[in-house]
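any chance you can model this:
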Amino acid sequence: MIVGITGTLGAGKGAIAEYLVKKKGFKHLSVREFLNKELVKRKLTLNRDNLVSVGNELRKNFGPSYIAESLYNTANKSRKDCVIESLRAPGEITALRMKGEFYLFAVDANPKLRYRRTVLIKEDIYQISFEEFTSNEKREMDSRDPTKQNLRKCIKMADYKFLNNGAVEELYREVERALEQINIKLASGKT
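Have a look, this model is predicted:
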């Protein structure tokens with residue numbers, strides 16, 4: 001089984017991925033880590049603009065599902081349940097759905113809360129003003145170009161949606177309920 005995670009900046013994608021890895025034994029794969037490696041290869045600075053630009057370029061040159069297909073191949077080789085964090089392009093999700101046993105989780109939260117969470121991450125990429133944070137998000141929210149990010153559409157495509165405005169334990173309980181529903185579907189032969 002593969003669980004994909006999409007959602008807004010700072011909403012809790014990493015918290016869900018961490019829960020699946022630590023509590024459920026999933027292997028963790030990340031679009032961001034995939035792109036980080038590409039930035040290093042190209043000797044580019046790690047920042048949000050470069051991540052978005054390189055991701056869009058890869059999708060344009062190799063197809064809208066290129067990144068997800070690459071991560072899927074890694075997941076498939078592992079023979080474990082996997083979580084793919086930070087899916088942001090509808091083409092990636094469509095491609096993963098065609099593989100079977102794929103479920104998409106979406107997470108969102110209040111914008112000011114999400115901003116506070118990102119600042120706490122202590123990585124240079126997240127040390128930005130609230131205005132820049134909202135500007136980045138607006139840029140990534142909608143696009144008609146299938147090679148670019150469209151978070152709004154990805155969130156609409158989700159099988160399970162979580163609102164993470166409370167304690168992380170509440171989010172974990174919601175994830176657990178979703179996993180229970182998935183396991184019921186899998187046991188009954190419905191995917």
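
report the buried residues of the lowest-mean-pLDDT helix or strand in the chain.
Here the helix or strand of the chain ranked lowest by mean pLDDT, DSSP states H and E is helix 130-141, holding a mean of 89. Neighbour counts over helix 130-141 (16 or more other CB atoms under 10 Å) mark 133-134, 136-137, 140-141 as buried. Quick note: C-beta positions are derived from backbone N, CA and C, even for glycine.

show me the contacts for the spatially most central residue of the chain.
The centroid of the chain falls nearest to S86 when counting by CA atoms, centre = their mean (1.8 Å). Shown in contact with S86 (CB atoms under 8 Å, 6 or more residues apart in numbering): 5-6, 13, 30-32.

least confident of the residues you listed?
Across the set of the contacts of S86, R32 stands lowest in pLDDT, at 92.

list of residues touching stretch 30-49?
By CB under 8 Å, 6+ apart, stretch 30-49 touches 17, 50-51, 54-55, 58, 67-68, 70-71, 84-88, 92, 124-125, 128, 136.

extract the C-alpha trace of the longest helix anywhere in the chain and format it as CSV.
Ranked by residue count, the top helix of the chain under DSSP state H comes out as helix 168-188. Output of helix 168-188 as CSV, limited to C-alpha atoms (Å, rounded to 0.1, in the frame of the first residue of the first chain):
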residue,chain,number,x,y,z
VAL,A,168,-0.8,16.5,17.0
GLU,A,169,-2.4,13.6,18.9
GLU,A,170,-5.8,14.6,17.4
LEU,A,171,-4.2,14.4,13.9
TYR,A,172,-2.8,11.0,14.7
ARG,A,173,-6.3,9.8,15.8
GLU,A,174,-7.7,11.0,12.5
VAL,A,175,-5.0,9.2,10.6
GLU,A,176,-5.6,6.0,12.6
ARG,A,177,-9.3,6.1,11.7
ALA,A,178,-8.4,6.6,8.0
LEU,A,179,-6.1,3.6,8.2
GLU,A,180,-8.8,1.5,9.8
GLN,A,181,-11.1,2.4,6.9
ILE,A,182,-8.5,1.5,4.3
ASN,A,183,-7.8,-1.8,6.0
ILE,A,184,-11.5,-2.6,5.9
LYS,A,185,-11.5,-1.8,2.2
LEU,A,186,-8.4,-3.9,1.5
ALA,A,187,-9.8,-6.9,3.5
SER,A,188,-13.0,-6.8,1.5
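
packing partners of that helix?
helix 13-24, strand 102-108, strand 160-163 (3 or more CB pairs under 8 Å, 6 or more residues apart in numbering; DSSP states H and E).

do that again at 10 Å, thanks
In terms of contacts (3 or more CB pairs under 10 Å, 6 or more residues apart in numbering; DSSP states H and E), helix 168-188 is packed against strand 2-7, helix 13-24, strand 102-108, strand 160-163.
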